[in-house]
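J.: Show me how the following folds:
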Amino acid sequence: MSRAAAVRLALLAPPLAFFGIFFGYPVTAIVGRGLREGGAWQFGRAAEVLRDPDLAGVLWFTVWQAAASTALTLVLALPAAYAFARLDFPGRRLLHALVTVPFVLPTVVAGAAFLALLGRGGVLDELWGVRLDDSVWAILLAHAFFNFAVVVRTVGGLWAQLDPRQEEAARVLGAGPFAAWRRVTLPALAPALAAAALMVFLFAFTSFGAVQILGGIRYATLEVEIYRQTAQLLDLPTAAVLSLIQLAAVALLLGAHGWLVRRQESSLALVDPAHTAHRPRGAGEWALLGWVLAVIALLLALPLGVLVERSLTGPDGLGLANYRALASADGGTFVVPAWEAVGNSLRYAAVATAVALAVGGLAAVALTRRAGRLARGFDALLMLPLGTSAVTVGFGFLIALDEPPLDLRSSWLLVPLAQALVGAPFVVRVMLPVLRAVDERLREAAAVLGASPLRAWREVDLPLVRRALLVAAGFAFAVSLGEFGATVFIARADAPTLPVAVARLLGRPGELNYGQAMALSTVLMLVCALSLLLLERLRPGRAEIV
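T.: Coordinates of the predicted model:
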């Protein structure tokens, strides 16, 4: 074995151990517990589940709403992708950062925001008597709200680097504006469009928090049904089959996404995006910009604004009554004041960020030098926790990590470890492009001068990727702060996190509980937004994140 291969294996060992112990083992344990009876595998259970009309309906709705959410998101976000890529207007950089805020917000906050806008006693209900909660439209709009930035960053990032002179040349040769775009720009954007569509479909397919809050008893995705079968009905065999179906679908989507990303990276000649944007020209581009700003205001800003307004509305009108109520434990929802969820979330997220940086950083360094299918396979494995049922992972923690030396059920570490599973893939996605951009000759020169691999990393790579490391930390912190699916199972009653506290408050009747849920959602939104704005200022120019 060569020295380089040995170093790569040494770097991969900790991430492999982490994902094996805290992802592979719990998921395998919970699925095995559900499909084994009397020591024998009950694979016939899968056929029974698929023949159940109610569960088949859940599967069909999961696929249907994911496809509809993807289509709606593309229709609303593609004009914005063009505007940010090709149009130069005042406030463009700040607006680009703010557009990304919904993506790092927990889905439970998105659900709370749309509930305040579309639900009983919401803005539309008060103004026009219109309610959209417990309807599929509320779910679709919430998914478009959450995934808007995925399309803007994935498609817009590539669009900004396409040479506009190619389309201009087609128009000089007689093609109309639409024909030139269809024949020149659209084929170049096709891989990015497909990749963005796959990612939006993946996030909508595995949606939990927004569907649980907005879907009521009428609508449930696979993720929500897994939670119901596990936590409410205690039917582990059915939950295990549904988890395997979801896992297989996600694996296929990730494989397709990886293939499209590799195709995108190898087939296009890109230019500096700093030279492709121009001031809006003509009535058409000004109208397009106005449409984009209106969509951003109504789809993204309005729900968040309503969330803030409802957090300030109490029995006596506008004020801070809901925020003051968070300091009391008299409501009966928690054994401690709800305000303590803020401190719990910050502590858990800080630990989860440190773990995610260590695991994801080592994996990114190991994957810096391409190693063929093995590296691509491990890269896909790192992304798998983003699409696997968080409910399965959380319940798997309780089932699997209950014996020494891994008896962690009573340990506070269980929550940040689950959150780190979600944060580590973001660390890899942020750091890997930057590490691969470091000139290999710099490392070789350090080695020739006698530097060990560790010293070469410390003195060559680290100074160049320091800002990317800070960006990765910001994203890992934000997504850890908002993790809900697994945490709802493992967070102790005396130490709830912010998303868990919001969900519990929304699940209880009463105006005070609702107001506290809006207040906690606003706090969580502000913390996530500040984290994102900070990392946007630190973002390296070539590290595009989605």
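
J.: Can you give the domain ranges for this structure?
T.: 1-42+320-546, 49-311 (automatic domain parsing).

J.: Would you single out the least confident of these?
T.: Ranked by mean pLDDT, these bottom out at domain 1-42+320-546, with a mean of 77.

J.: Quickly find the element holding Glu223.
T.: Following DSSP states H and E, the helix or strand that holds Glu223 is helix 222-227.

J.: Just the residues contacting that helix, thanks.
T.: Identification of contacts with helix 222-227 by Cβ atoms under 8 Å, 6 or more residues apart in numbering yields 55, 58-59, 62, 205-208, 211-212, 215, 239, 242-243, 245-246, 389-392, 485. Where C-beta positions appear, they are placed from N, C-alpha and C, glycine not excepted.

J.: Report the buried residues of it.
T.: 222-227 (16 or more other Cβ atoms under 10 Å).

J.: And stretch 55-75, by the same measure?
T.: Within stretch 55-75, the residues scored as buried using 16+ other Cβ under 10 Å are 55, 58-59, 61-63, 65-66, 68-70, 72-74.

J.: now the helix holding Glu223, how far from the centre of its chain.
T.: In terms of Cα atoms, centre = their mean, to the nearest Å, the centre of helix 222-227 is set 18 Å apart from its chain centre.

J.: Out of the buried residues of helix 222-227, which comes closest to Arg281?
T.: Nearest to Arg281, judged by Cβ to Cβ, of those is Glu223 at 45.5 Å.

J.: Not counting its neighbours along the chain, what's nearest the closest one?
T.: Of all residues not flanking Glu223 in the chain, Phe208 sits nearest, at 4.2 Å (Cβ to Cβ, 6 or more residues apart in numbering).

J.: What about that neighbour, how many residues nearby?
T.: Residues lying near Phe208 (other Cβ atoms under 10 Å) number 24.

J.: In contact with it: list those residues for me.
T.: Taking Cβ under 8 Å, 6+ apart, we find Phe208 in contact with 107, 221, 223-224, 227, 390-391, 484-485.

J.: ok, Leu214 - contacts?
T.: Leu214 neighbours (Cβ under 8 Å, 6+ apart): 111, 114-115, 118-119, 133-134, 138-139, 142.

J.: if you set the cut-off to 6 Å instead, what comes out?
T.: Counting by Cβ atoms under 6 Å, 6 or more residues apart in numbering, Leu214 touches 111, 133, 138-139.

J.: swap in Leu421?
T.: Leu421 sits next to 23, 385 when contact means Cβ under 6 Å, 6+ apart.

J.: which stretch of helix or strand covers it?
T.: Element membership for Leu421 (DSSP H and E) is helix 414-437.

J.: CA atoms only for that helix, dumped as PDB, please.
T.: Coordinates of each C-alpha in helix 414-437 appear next as PDB, following Å, rounded to 0.1, in the frame of the first residue of the first chain:
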ATOM      1  CA  LEU A 414     -27.300  11.700  22.100                       C
ATOM      2  CA  VAL A 415     -28.900  14.900  20.800                       C
ATOM      3  CA  PRO A 416     -25.800  16.600  19.400                       C
ATOM      4  CA  LEU A 417     -24.600  13.300  17.900                       C
ATOM      5  CA  ALA A 418     -27.900  13.000  16.000                       C
ATOM      6  CA  GLN A 419     -27.600  16.700  14.900                       C
ATOM      7  CA  ALA A 420     -24.000  16.100  13.800                       C
ATOM      8  CA  LEU A 421     -25.200  13.400  11.300                       C
ATOM      9  CA  VAL A 422     -27.100  16.200   9.500                       C
ATOM     10  CA  GLY A 423     -24.300  18.800   9.800                       C
ATOM     11  CA  ALA A 424     -21.400  16.700   8.600                       C
ATOM     12  CA  PRO A 425     -22.600  16.400   5.000                       C
ATOM     13  CA  PHE A 426     -22.800  20.200   4.800                       C
ATOM     14  CA  VAL A 427     -19.200  20.500   6.000                       C
ATOM     15  CA  VAL A 428     -18.100  18.100   3.300                       C
ATOM     16  CA  ARG A 429     -20.100  20.000   0.600                       C
ATOM     17  CA  VAL A 430     -18.600  23.400   1.600                       C
ATOM     18  CA  MET A 431     -14.900  22.300   2.200                       C
ATOM     19  CA  LEU A 432     -14.400  19.800  -0.600                       C
ATOM     20  CA  PRO A 433     -14.500  22.300  -3.600                       C
ATOM     21  CA  VAL A 434     -12.100  24.600  -1.900                       C
ATOM     22  CA  LEU A 435      -9.700  21.900  -0.900                       C
ATOM     23  CA  ARG A 436      -9.700  20.500  -4.500                       C
ATOM     24  CA  ALA A 437      -8.900  24.100  -5.700                       C
END
